[in-house]
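Participant: I need the structure of the sequence given here:
(one chain, ligands or ions: 1)
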Amino acid sequence: MIDELLGLIERHEQWRVRECVNLIPSENVTSPAVRSLLSSDLAHRYTSRQRFYMGTSFIDKIEQHGEKLAKNLFGCQTADLRPLSGHLADLTYLACFTKPKDTVLCVSPDDGGYPGFWRKGLSRLLKLRMIRFPFSKEDVNIKVEEATELILREKPKVVIFGASIILFSHPVQALAKAVHDVGAHVGYDGSHVLGLIAGGEFQDPLREGSQALFGSTHKSFFGPQGGIILADKEHGEAIKKRIHPEFVDNAHWNRIAALTLALAEMTTYGKEYARQVVQNAQALAKTLAEEGFPVACHQLGYTRSHQVLLNYGGYRKGGVVARKLEKSNIIVDSGVRLGVCETTRRGMKEEEMQTIALFIKRVVVDGEDPNSVKADVIKFVEEFQEIEYSFK
Ligand SMILES: Cc1ncc(COP(=O)(O)O)c(C=O)c1O
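Facilitator: I've put the predicted structure just below:
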């Protein structure tokens, strides 16, 4: 039993780390230093603000250190590292600023919005009325004029920008006035683009009218899997009053220590990393488009984020493509969204993006035997086993 378990983990590591090109935009890799903190003694410990548990003096300082780094990096008045995931950061934010029957405006899952807000997700739990942003499928973005009218007409309680498919900045600044005029709270779910925001390569929601920025710490960001909430004083303090014990009890201090180191890495290397991520995404998109792939947003230069979107018109066709690629050790989702955070962190640049695009072409367009492509992929990734943009 134990041998079987350890064998499965070893096979997973061998395959996904040493033999695959990982292109899932929700994923990234942590540096060895960040990873090592996950197995520190902090993983065994409890703490609480009421000083119920003794032995927490170092843990408390680690948390303060992390909050300080986060506030400096994102230029905000409050930071909370305790949400255990992006979804729970979203829940905490929504629960703090809505009551049942309130209206929430965000991007529909049909347009790449986060499904977790919708029908069976947080809206059901919190009994919210969800309305969708008017959206241009062609530009993969919110339509500003129509959204302004909708906001003034529907007077939502909360407006959330950000999405799971996000190629370009959302029009936070252009809509902030309308949102503030109706007295709504403005939040930005930065789960996908947090690392690009930190690196100054995407929009800056907290300067554009958003009062809170929240989400996952592990997609374009350098952290272990988890969540974060960054906010102005008013919203941050309201969240801090309720997050414990309503949404988090034990905050998993090994994760918070690892996230704190990731915040330090991002402070030092974020600019360089984020710039390369966007350049890599653009290079991948361009080569794929030249090879005849249905890459979204040609008219806008394809992407300004870590994602490249292939328009296969739905998960069914996308799933066929994704399964073919998996046989060749190229890991994507059924979206088909391609993300370049992990490959960038492994040191790949524009030239390697072209190589990856050609691997994808051999599988999807040429119909080459997946095993022959796989052999080349394994050889290709051998050279990219170090994690860059981290303290050595
Ligand atoms: C926009 C967005 N928000 C929230 C989440 C949930 O994040 P987590 O997986 O960290 O709970 C996701 C997940 O993919 C997402 O895409």
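Participant: need the three-state assignment for G187.
Facilitator: strand (DSSP: H, G, I helix; E, B strand; the rest coil).
Participant: is it fair to say V373 lies in a helix?
Facilitator: Yes. Judged by three-state DSSP, V373 forms part of a helix.
Participant: just the element for A178, please.
Facilitator: helix 172-181 (DSSP states H and E).
Participant: what is the burial count for D41?
Facilitator: A count of nearby residues for D41, using other CB atoms under 10 Å, gives 11. Where you see a C-beta, it was placed from the backbone N, CA and C, and this is true even at glycine.
Participant: so how far is the ligand from it?
Facilitator: 25 Å (CB to the nearest ligand atom, to the nearest Å).
Participant: the helix of greatest length in the chain packs against which elements?
Facilitator: For the chain, the helix with the greatest residue count under DSSP state H is helix 253-290. Using 3 or more CB pairs under 8 Å, 6 or more residues apart in numbering; DSSP states H and E, the elements in contact with helix 253-290 are helix 32-38, helix 57-74, helix 194-198, strand 307-309, helix 341-345, helix 350-364.
Participant: how far is the last one from where the chain is centred?
Facilitator: Taking CA atoms, centre = their mean, to the nearest Å, one finds the center of helix 350-364 at 24 Å from the center of the full chain.
Participant: what comes up buried for it?
Facilitator: By 16 or more other CB atoms under 10 Å, the buried positions in helix 350-364 come out as E352, M353, Q354, I356, A357, L358, F359, I360, K361, R362, V363, V364.
Participant: by how many degrees do it and helix 253-290 diverge?
Facilitator: Here helix 350-364 points in a direction 70 degrees away from that of helix 253-290 (axes from the mean of the first three to the mean of the last three CA atoms, to 10 degrees).
Participant: next one, pLDDT for the closest residue to the ligand within the chain please.
Facilitator: Using CB to the nearest ligand atom, the single residue of the chain nearest to the ligand is G86, 2.6 Å away. For G86, the pLDDT comes out at 98.
Participant: skipping its backbone neighbours, what lies nearest F293 in space?
Facilitator: Nearest non-adjacent residue to F293, counting by CB to CB, 6 or more residues apart in numbering: L310, 5.8 Å away.
Participant: and the one you found, what is it in contact with?
Facilitator: Counting by CB atoms under 8 Å, 6 or more residues apart in numbering, L310 touches L288, F293, P294, V295, A296, G318, V321, G335, V336, R337, L338.
Participant: tell me the SS of the most centrally placed residue in the chain?
Facilitator: Geometric centre of the chain, nearest residue: H192, 2.3 Å, by CA atoms, centre = their mean. In three-state terms, and counting by three-state DSSP, H192 is coil.
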